[in-house]
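In: no sequence for this one, just the structure:
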């Protein structure tokens, strides 16, 4: 499994979900209790920008999360950020470099796993908030869940990262298992 390819598929999957959000849904509730749909989209688009910046060797810049990244058309805003990220990911050796992330500078291989987790999970959040039932890529979900499970609990089970694991019905799809693992109500 090529981690860059899996991450690119996560970006594309979430892009299709973001494109499905209707304007009248922007003020709606999300699985992330502190955000409405617009704030969740803003964070999701900023995440794509952050991963683009990290893949290019840039320093982490928290200010991108404070800007209005959504504008008048969330789908177009996401697609523009994703296109830049895809260019960065196509550069030779991108996974071999060090990426500056909110939790520190880490090898690209580790960063890409967390980027896949972040992007896939927020895609699930947006889908849930906007009533969409997309087909989730099983390999993306598997990679995201494996990354979440390997993260040290004392570093991620904190406010703003993962909440306490919630109950998940037996036999639930893997994307719902991931959501429950990171603290979402399924």
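Out: Received it, and whenever you're ready, just let me know what you need. Since the structure is predicted, the reported quantities are computational estimates derived from the model, not experimental observations.
In: Can you check the pLDDT for the nearest residue to residue 57 once chain neighbours are set aside?
Out: Nearest residue to residue 57 in three dimensions, chain neighbours excluded: residue 97, at 6.0 Å (CB to CB, 6 or more residues apart in numbering). Glycine gets a C-beta too; all of them are placed from N, C-alpha and C. pLDDT, residue 97: 96.
In: Was I right to think residue 97 contacts residue 58?
Out: No: Residue 97 is beyond contact range of residue 58, at 10.9 Å (criterion: CB atoms under 8 Å).
In: With neighbour numbers in mind, choose between these two.
Out: The neighbour comparison of residue 97 against residue 58 (other CB atoms under 10 Å) goes to residue 97, with 16 against 13.
In: Following element in sequence after the helix-or-strand element of the chain with minimal mean pLDDT, please.
Out: In the chain, the helix or strand scored least confidently by mean pLDDT, DSSP states H and E is helix 153-156, which has a mean of 78. Per DSSP states H and E, the first helix or strand lying C-terminal to helix 153-156 is helix 174-181.
In: what helices or strands is that following helix leaning on?
Out: helix 108-130, helix 138-150 (3 or more CB pairs under 8 Å, 6 or more residues apart in numbering; DSSP states H and E).
In: ok, for the spatially most central residue of the chain, nearest residue in space, not its chain neighbours?
Out: With distances taken as CA atoms, centre = their mean, residue 119 lies nearest the centre of the chain, 1.7 Å away. Of all residues not flanking residue 119 in the chain, residue 10 sits nearest, at 4.3 Å (CB to CB, 6+ apart).
In: which stretch of helix or strand covers the one you found?
Out: Residue 10 is located in helix 3-19, with elements delineated by DSSP H and E.
In: Quick one: mean pLDDT for that helix?
Out: Mean predicted lDDT for helix 3-19 stands at 98.
In: again with stretch 61-77
Out: Here stretch 61-77 scores 96 as its mean pLDDT.
In: Check which residues of it are buried.
Out: For stretch 61-77, burial by neighbour count (16 or more other CB atoms under 10 Å) applies to 64, 69-70, 74-75, 77.
In: Now, those residues that are in helices?
Out: The members of the buried residues of stretch 61-77 that map onto helices under DSSP state H are 74-75, 77.
In: Distance check, the residue nearest to the centre of the chain against residue 92.
Out: 22 Å (CB to CB, to the nearest Å).
In: Same question for residue 139.
Out: Distance from residue 139 to residue 92, by CB to CB: 23 Å.
In: go on, residue 54?
Out: 17 Å.
In: So between these two, which is more surrounded?
Out: More crowded of residue 54 and residue 92, by other CB under 10 Å: residue 54, with 28 against 6.
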